[in-house]
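1. Give me coordinates for this.
(4 chains)
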Protein chains: 2
Amino acid sequence: MATIKDVAARAGVSLGTASRVLSGSSQTSPDSRSRVLAAAAELQYVANGPARALRRARTDVLGLLLPDIRNPFFSELAHAAEQEARRLGYTVLLANADEDRDQEAAYLRTFASQRIDGLLLAPQQGGSPELESLHASGLPLVLVDRAVRGLDAPLLSTDNAQGVAQALAWLQAGGHRDVAFVGGPAAISTGVERRDAYLAGRAAHGISTDDALVDAGDFQLGSGTDAMLRILDRGVRPTAVFGADGLMTAGAMRALRQRLGDEARAVEVVSFDDLDWFDLRSPGISAVVNDAAEIGRLGVAALADVIAGRPVASQRIATTFVDRRPAGGTA
Amino acid sequence: MATIKDVAARAGVSLGTASRVLSGSSQTSPDSRSRVLAAAAELQYVANGPARALRRARTDVLGLLLPDIRNPFFSELAHAAEQEARRLGYTVLLANADEDRDQEAAYLRTFASQRIDGLLLAPQQGGSPELESLHASGLPLVLVDRAVRGLDAPLLSTDNAQGVAQALAWLQAGGHRDVAFVGGPAAISTGVERRDAYLAGRAAHGISTDDALVDAGDFQLGSGTDAMLRILDRGVRPTAVFGADGLMTAGAMRALRQRLGDEARAVEVVSFDDLDWFDLRSPGISAVVNDAAEIGRLGVAALADVIAGRPVASQRIATTFVDRRPAGGTA
DNA sequence: TTTCCACATGGAAACGTTTCCACGGATGTG
DNA sequence: CACATCCGTGGAAACGTTTCCATGTGGAAA
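-> Numbering: from 1, shown residues only, chains lettered A, B, ... in the order given. A predicted model of the protein is given here:
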């Protein structure tokens, strides 16, 4: 593999000059410039990233650490973040914590060792010593989707209260009293915020406050099934279901079908997060639209600001709502 | 940020000894060992990855370049690949080509510059100069899911012919004659293989050979809708649809609903790729199960073998089939 | 013509590791 | 007791860049 030294030799210039041409950092004569470029092309020169990173003390790499890449919300977020990072000249190192604190900690160590320029993180519950020390070390850090108690970093998150209010209004318009709520983990900020907003708002929207109708999962599909089964097995018979994320809503539908068979279709469904296929089922599934792409984009932009030393504020992203109730309603 | 030099000084040993302790490469006395470890802990020493990579000429990083991370097939593959890589001591650098050749080429350059130890690639159509030269440079390379003409690298892919045969058998059992086929791109090997197997096998399974029933997309959801709309607008009226991947199948269903409304439910659907929610729709969507996780796992294992210089052979992964036709059939 | 400045260049230091080499002391064998 | 061996260590080179500093050459200004 050719080094810059080989390129310099072939071009008949010094190593320093070759570097100046190749990195474009400083003025060079048109003559040496063209000779170096030609030599580099002939030798198929590719700069050695680690060497460059070592010397410049930056890598132009951003870390993106997500809880679950198979969750469409996060894969969409990752996609948008990557596009934006690319636009800003960064490469993204994507890692998947699998909703597991140890794995998150392990990746944080890896990132620290790789000397990434900044980290975009959708954290696990409660932080970790690794996260503390990474932040304490001054690594530019931006949180997305979820907050960490006691960690002072900019956060880009959904306006959960707004989204829940939209869902509640929709439930009320449908005349529902017995609504099953499949919430998220009590240890994750989005779980808490959505649950609290729901519990606080339900009475005002004419919804039963019977807590037998409420259960929770961990934002993964199977847990939504389990939670809904627990609810149904308490003997209640909801006329609508509200899931705190897209995957758990899907899981809850599976539970409904298991217990109620074809009658499951009579139960109206609303989800926090809109998935691709929610319009394909009949009747359609209404949803709070949680703009993952926007969060990813803004997150990377904010991270770039932090890296550049510009001030950055936390931000709530507004939700919209898509009503897929068949004309005529249910009630 | 503390360096190994600081650690050595604090422990009262030479730089070389500190390195030997920290990297565990060579014997050290218990005494210096404990002193170095203590010093490292006190200083919160984190090894500088780029420096290490520069010196050792390896990074312990694998590249994973996928066409579309939002496609559940690939996000599942990525997840499994990452787990396996982690198990083998590698970090994964994940990148998303977005079904775009230029972006793929750009990432290949980035990977080359980062000096990754190996690349797991689900390529775009027809390769690229960047891919050629990367492979020519001796970078360990394993392909997943898709082949590249003229590129001699191990390939782990689905047994597309088998999967199509399973779908054909199912269609025949359902008594279908007019079957719409939404194929993949003619430039991608999986697209070609599935289409060829279907076209070659349909007559023997009692399926119409009218090519008005056949169209193609690009493996993304919207393209499935478009293809299906084209088919329907030719005036044919299929009793079943076969989609060449999960997303396009979903897209085709959207088209059916647009054109046929509630009667769309009478059209039976079978998909190459099983998605999470195919059992939730009624009637259920039958599917060829394409084991993305297995491909990801085996791909990384194969890549590790290539890196270690062990011989590696291409491999076809068998498909299974899940029949979700309601008892009693349709015919 | 002389002085000065700008600018392109060559050489060398520096980034933080790993690893080679040589040395010294302790251990074991004859 | 003498010699060979082994093992842990210190010192230094090397990895491939970027960047600082000094030098020389050109042209512009006086």
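2. Which of the three states applies to the residue of the stretch 151-300 of chain A at minimum distance from DNA strand D?
-> Residue of the stretch 151-300 of chain A nearest DNA strand D, by CB to the nearest atom of the strand: A:V300 (23.6 Å). For glycine as for every other residue, the C-beta is placed from the backbone atoms N, C-alpha and C. Using DSSP: H, G, I helix; E, B strand; the rest coil, the structure places A:V300 in helix.
3. Please tell me how far it sits from B:R316.
-> 39 Å (CB to CB, to the nearest Å).
4. residue ranges for the helices of chain A, please.
-> Residue ranges of the helices in chain A, as given by DSSP state H, are A:4-11, A:15-23, A:30-42, A:49-56, A:72-87, A:101-114, A:129-136, A:160-173, A:189-201, A:221-232, A:246-260, A:292-308.
5. who has more neighbours, A:V300 and B:R316?
-> Neighbours were counted for A:V300 and for B:R316 using other CB atoms under 10 Å in any protein chain shown; A:V300 has more, 28 against 13.
6. Surely the more buried one and A:H79 touch.
-> No - using CB atoms under 8 Å, A:V300 is not in contact with A:H79; the gap is 11.5 Å.
7. count of residues packed around the closest residue to A:I207 other than its chain neighbours?
-> Excluding its sequence neighbours, the residue lying closest to A:I207 (CB to CB, 6 or more residues apart in numbering or on different chains) is A:V179, at 5.1 Å. Residues near A:V179, counting by other CB under 10 Å, number 27.
8. and A:R324, how many neighbours?
-> 18.
9. Need the pLDDT of the nearest residue to A:D279 once chain neighbours are set aside.
-> Closest residue to A:D279 apart from its sequence neighbours, by CB to CB, 6+ apart: A:R324 at 6.2 Å. On pLDDT, A:R324 comes in at 96.
10. Chain B contacts on the stretch 51-200 of chain A?
-> A:51, A:53-54, A:59, A:69-70, A:72, A:75-76, A:78-79, A:82-83, A:86, A:91-96, A:98, A:103, A:106, A:109-110, A:112-115, A:133, A:137 (CB under 8 Å from any CB of the partner chain).
11. Which of the helices of chain A sits closest to B:G150?
-> Nearest to B:G150 among the helices of chain A is helix A:30-42 (23.2 Å), distances taken as CB to CB.
12. Buried residues in that closest one, which are they?
-> The neighbour-count check on helix A:30-42 (16 or more other CB atoms under 10 Å in any protein chain shown) flags A:S32, A:R33, A:R35, A:V36, A:L37, A:A39, A:A40 as buried.
13. Over to stretch A:44-55?
-> In stretch A:44-55, counting by 16+ other CB under 10 Å, buried: A:Y45, A:V46, A:A47, A:N48, A:G49, A:P50, A:A51, A:R52, A:A53, A:L54.
14. do that stretch and DNA strand C meet at all?
-> Yes - legend: contact between stretch A:44-55 and DNA strand C by CB under 7 Å from any atom of the strand is shown at A:A51, A:L54, A:R55.
15. what about that stretch, average pLDDT?
-> Stretch A:44-55 comes out at a mean pLDDT of 96.
16. so the residue nearest to A:D279 sits right up against A:P283, yeah?
-> Yes - A:R324 is within contact range of A:P283, at 7.1 Å (criterion: CB under 8 Å).
17. Can you give me the distance of A:R58 to A:R115?
-> 8 Å.
18. more crowded one of the two?
-> A:R115 (21 against 13).
19. contacting residues around that one?
-> Residues near A:R115 by CB atoms under 8 Å, 6 or more residues apart in numbering or on different chains: A:A53, A:A57, A:R58, A:T59, B:N48, B:G49, B:P50.
20. Low-confidence stretches in the stretch 101-250 of chain A?
-> Counting by pLDDT under 70, not a single residue of the stretch 101-250 of chain A qualifies.
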